[in-house]
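Q: Quick one, structure for this:
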Amino acid sequence: MTRTRKIAIGIVGALALIVLVLAVVIATFDWNRAKPMINERASAAIGRPFAINGDLSVKWQRERDEGGWRAWVPWPHVVANDISIGNAPWAKAPNFATLKRGEFSLALLPLLRQRVVIRRIQLTEPAADLQRLADGRANWVFTLPESGEPSPWVPDINEIGFDKGRVGFVDETLKADLTVLVDPLGKPVPFADVAGAAVAPQDGQAPAPRDYVFGWKVDGKYKGLDTKGEGKVGGMLALQDPKQPFPVQADVAVGGTKASITGTVTDPANLGALDLRLKLAGASMAQLYPLTGVTLPDTPPYSTDGHLVAKLQNPGGAVFDYKDFNGKVGNSDLHGDITFAMGAPRPKLTGKLSSKQLRMVDLGPLIGVPADGTAAAPADKTKDAPAKPKGGKVLPTQAFRTDRWRDMDADVSLDAGRIIHDSKLPLSDLSVHVVLQDGKLTLDPFKFGIAGGNINGTINLDGAHEAMAGRVDLHARRLRLKQLFPATEAMQKTLGELNGDLAVSGTGNSVAALLGTSTGDIKMLVNDGVISRSLMEIAGLNVGNYVVSKLFGDDEVKINCGAADLAMKNGVMTPRVFVFDTENALISITGTADFKNEKIDMDVTPDSKGFRIFSLRSPLYVRGTFGDPDVGVHVGPLAARGAGMVALGVLLTPAAGLLALIAPSTNDENACGPLLEQMRKPPTAPAQTGK
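A: Residues are numbered from 1 along each chain as shown. So this is what the prediction gives:
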């Protein structure tokens, strides 16, 4: 053997011995000696006290998931026990987080490129106390030392597994104080056993969701409301595979709202997307606003069941699609698709809804009328408040939530095939397009079929300012009287119609306030009908029932024409023309109806056609409040006889404005034509007689 060869063998042997010695030293090194240095470096890095209080050990083992020659390179498997991270100085809990045990395997070769590669981290009994103050300070935000340069080290973690644990969450901005407990189920539950076929991964190429491994419970308050819930989650978070769906299931009650979800979260580390079966139920859709930020109207109790797909990392903002949902609002059905998109300057709700059968009583809360049909109380009324006395306010006074209108925009359409008002009034084919833009609410078109005709128009409510401004334009065309009153036998023999126009505008944040300030016009023509006590009872007009009984007794009387031209000014309605031409008499109505104070003061004056006992009757009056009107007979002399025709003579000019309402009628003879023409003629004074 040559000298050179001996030297080479000696060098190789020495190097091998050094490697062996290093391996033995590393394998047998007591890593607990390094804890003070590790704790000090980690504390300095995160700006909080960090401590490994228990045993620290490192075992060397090959990584099974590695292929080729890398499979033969051992990885250090680190096990640390009893880890704690200190809290912010102002926080209540002594520690921000604690961990009974943490395990991970670290790749050595990537460290040469300043990459920290960890395939998986397993956490045993983690606990965290999260807290945020009203000024925005949060203890999960760490004050890191600033070097002026980004860190050259890049973390690369594939998966995080966890064991049973606890999370406390106190947030003054959300009025939340919640505790979440997580425990192993004992036996994994397949995803399909819980979700069934109702929820499938969005991408057909995505792997199947993993099993449910842990159960969880939450208790406390959210938005100041009692909150309870429970559910299931998977056992391993995939951080590097955004297509790996993480299974979630929950049943949660927040106040009066209940939610049930089953499905997956994609890319959970970044909250990439949601694919869930979502069921919601509650006392009113308006209660969802503080929980979701979505402005919805006051409604009766509701429930929905649909497919929620959310793209949380969308460039323009998160987008939530609630697809193919079926629901009930009161006893009305509701179906469709809605989308809620976060964006600037405001989020926007869009959708297309349909209903096979809407109950009119379920639409009452939209204008402040509870589902029982009574007038709504102010928003701050409590359950224990006393009932209203007789004669109180009857117009809805509940304020519209215009402050919420400015928080989002909307573009939603609704089509309903049938509308149930009661067993006698036929409504159908509701079509409404709702647009909310910068606090301004528009219903255009707003139309529905009724009694063989239709009512259509537009409603504009400007909630962009403190005092809401509103305008309503509605048109009633060709409403068949026999279909309006199908239970009245005499009405079935008529061919008459009702046509009308309404255009009013006002200012106020409730229906009562809007009517109390309204200015505009209301015009209506009714021809070829009948009037009777039974008809008034069917229509629910108690005052009309009294008036008709005083004028006509119990008999049914044919109406040739009913004409109304009503002026509204600052909430006070004054008839320009308000007459009924019957086979027995011409009935004139004069006076005022004050919608601001809900008071009425009107006279009903009959003028007989021919000399009959009827002509001896005095005019009637209707006075008092809307809630408790007083109806009676004027006690004045019979000189009031003929006042109806005198009124018509004085009010001849407005009659021309009603002639246009005859045009929409059929080509059949319209009894209102002669009456309106008569009203247009100048009155003639009776001849003076000498004494």
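
Q: what number of residues lie near the residue nearest to Asp305 when sequence neighbours are not counted?
A: Spatial nearest neighbour of Asp305, excluding adjacent residues (Cβ to Cβ, 6 or more residues apart in numbering): Lys279 at 4.8 Å. Just so you know, the C-beta spots here come from the backbone N, C-alpha and C atoms, and that holds for glycine as well. The number of residues packed near Lys279 is 18, by other Cβ atoms under 10 Å.

Q: same thing with Pro445?
A: The burial count for Pro445: 12, using other Cβ under 10 Å.

Q: Pull out the buried positions in the one helix or strand it maps to.
A: Secondary structure assignment for Pro445, by DSSP states H and E: strand 440-450. For strand 440-450, burial by neighbour count (16 or more other Cβ atoms under 10 Å) applies to 440-443, 446-450.

Q: Between those residues, which sits nearest Asn527?
A: Ile450 (17.3 Å; Cβ to Cβ).

Q: Could you list the paired strands of the helix or strand harbouring Ala80 along with their orientation?
A: In the assignment (DSSP H and E), Ala80 maps to strand 74-86. Strand pairing for strand 74-86, using DSSP bridges, gives strand 50-52 (antiparallel), strand 56-62 (antiparallel), strand 95-106 (antiparallel).

Q: pLDDT score for the spatially closest residue to Ile121 that is not a sequence neighbour?
A: Nearest non-adjacent residue to Ile121, counting by Cβ to Cβ, 6+ apart: Phe104, 4.5 Å away. Note for Phe104: predicted pLDDT of 85.

Q: State the helix or strand in which the closest residue to Phe595 other than its chain neighbours lies.
A: Spatial nearest neighbour of Phe595, chain neighbours left out: Leu515 (4.1 Å); criterion: Cβ to Cβ, 6+ apart. Using DSSP H and E, Leu515 sits in helix 511-516.

Q: who touches that helix?
A: For helix 511-516, contacts defined as Cβ atoms under 8 Å, 6 or more residues apart in numbering pick out 367-368, 393, 395-397, 468, 470, 506-508, 571, 595-598.

Q: which residues does the closest residue to Arg418 other than its chain neighbours contact?
A: Closest residue in space to Arg418, ignoring its immediate chain neighbours: Gln357 at 4.8 Å, by Cβ to Cβ, 6+ apart. Counting by Cβ under 8 Å, 6+ apart, Gln357 touches 332-333, 416-420.

Q: can you give me the helices in the chain?
A: 3-28, 35-46, 191-195, 289-292, 360-363, 402-405, 481-484, 511-516, 533-539, 542-552, 643-650, 672-680 (DSSP state H).

Q: Check whether Arg120 really touches Phe162, as I assumed.
A: No. Using Cβ atoms under 8 Å as the test, Arg120 is too far from Phe162 to be in contact (11.0 Å).

Q: And these two? Which one has more around it.
A: Between Arg120 and Phe162, counting by other Cβ under 10 Å, Phe162 is the more crowded of the two (20 against 17).

Q: Give the burial count for the nearest residue to that one once chain neighbours are set aside, as a bare number.
A: Of all residues not flanking Phe162 in the chain, Leu123 sits nearest, at 4.6 Å (Cβ to Cβ, 6+ apart). By other Cβ under 10 Å, the residues close to Leu123 number 18.

Q: likewise Val432?
A: Using other Cβ under 10 Å, Val432 has 17 other residues around it.

Q: Residues contacting the strand holding Pro445, please?
A: Residues external to strand 440-450 that are found in contact with it (Cβ under 8 Å, 6+ apart): 405, 416, 419, 425-436, 454-464, 474, 479, 484.

Q: Alpha carbons only: can I get that strand in CSV?
A: Extracted in CSV, the C-alpha atoms of strand 440-450 (Å, rounded to 0.1, in the frame of the first residue of the first chain):
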residue,chain,number,x,y,z
LYS,A,440,-83.0,55.2,-2.2
LEU,A,441,-85.6,52.4,-2.5
THR,A,442,-87.5,52.0,-5.7
LEU,A,443,-90.3,49.6,-6.6
ASP,A,444,-90.7,49.7,-10.3
PRO,A,445,-92.6,48.0,-11.6
PHE,A,446,-95.0,47.2,-8.8
LYS,A,447,-98.1,45.4,-10.2
PHE,A,448,-100.6,42.7,-9.5
GLY,A,449,-103.8,41.4,-10.9
ILE,A,450,-107.0,41.8,-9.1
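
Q: strands paired with that strand, and their directions?
A: Here, using DSSP bridges, strand 440-450 pairs with strand 426-437 (antiparallel), strand 453-462 (antiparallel).

Q: Which of the ones you listed comes out lowest on mean pLDDT?
A: strand 426-437 (a mean of 83).

Q: List the contacts of that one.
A: Strand 426-437 has contacts (Cβ under 8 Å, 6+ apart) with 295, 349, 355, 358, 360, 405, 408-421, 441-451, 454, 483, 486.

Q: cool, stretch 36-51 as well?
A: Residues external to stretch 36-51 that are found in contact with it (Cβ under 8 Å, 6+ apart): 52, 56, 83-88, 96, 142-145.

Q: Skip the chain neighbours and tell me the closest residue to Leu276.
A: Going by Cβ to Cβ, 6+ apart, Leu276 has Gly263 as its nearest residue, at 3.5 Å.

Q: Contacts only, for that neighbour.
A: Gly263 is in contact with 195, 199, 247-249, 274-277, 308, counting by Cβ under 8 Å, 6+ apart.

Q: Test of understanding: give the bridge partners of the closest residue to Ser505 other than its chain neighbours.
A: Closest residue to Ser505 apart from its sequence neighbours, by Cβ to Cβ, 6+ apart: Arg471 at 4.0 Å. When bridges are called by DSSP bridges, Arg471 pairs up with Asn460, Ser505.

Q: is it true that Arg471 touches Thr517?
A: No. Using Cβ under 8 Å, Arg471 is not in contact with Thr517, being 11.9 Å away.

Q: In terms of neighbours, single out the busier of the two.
A: Thr517 (21 against 17).

Q: which residues does that one contact?
A: By Cβ under 8 Å, 6+ apart, the contact set of Thr517 is 506-508, 570-571, 596.

Q: And for Phe325?
A: Contacts of Phe325 by Cβ under 8 Å, 6+ apart are 304-307, 335-338.

Q: For Val309, which residues are in contact?
A: By Cβ under 8 Å, 6+ apart, Val309 lies in contact with 202, 273-276, 320-321, 323.

Q: Neighbour count, distance to Asn39 and pLDDT for those residues - can I get that in CSV?
A: CSV is the format used below for these (neighbours: other Cβ atoms under 10 Å; distance: Cβ to Cβ, whole Å; pLDDT from 0 to 100):
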residue, neighbour count, distance to Asn39, pLDDT
Gln202, 15, 44, 48
Ala273, 22, 39, 80
Leu274, 22, 39, 84
Asp275, 22, 42, 88
Leu276, 23, 42, 89
Phe320, 20, 44, 90
Asp321, 19, 48, 91
Lys323, 13, 51, 92
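
Q: Just the ones of the residues you listed in strands?
A: Secondary structure defined by DSSP state E assigns 273-276, 320-321, 323 of the contacts of Val309 to strands.

Q: now those residues in CSV, with distance to Pro209?
A: Output for the ones in strands among the contacts of Val309, formatted as CSV (distance: Cβ to Cβ, whole Å):
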residue, distance to Pro209
Ala273, 13
Leu274, 13
Asp275, 9
Leu276, 12
Phe320, 20
Asp321, 20
Lys323, 19
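
Q: just curious, which of the residues you listed is nearest to Gly215?
A: For the ones in strands among the contacts of Val309, the closest approach to Gly215 (Cβ to Cβ) belongs to Leu276, at 18.1 Å.

Q: from memory the closest one sits against Ile261, does it?
A: Yes. Taking Cβ under 8 Å as the definition, Leu276 is a contact partner of Ile261 at 4.6 Å.

Q: between those two, what contacts are shared?
A: Listed as contacting both Leu276 and Ile261 by Cβ under 8 Å, 6+ apart are 248, 308.
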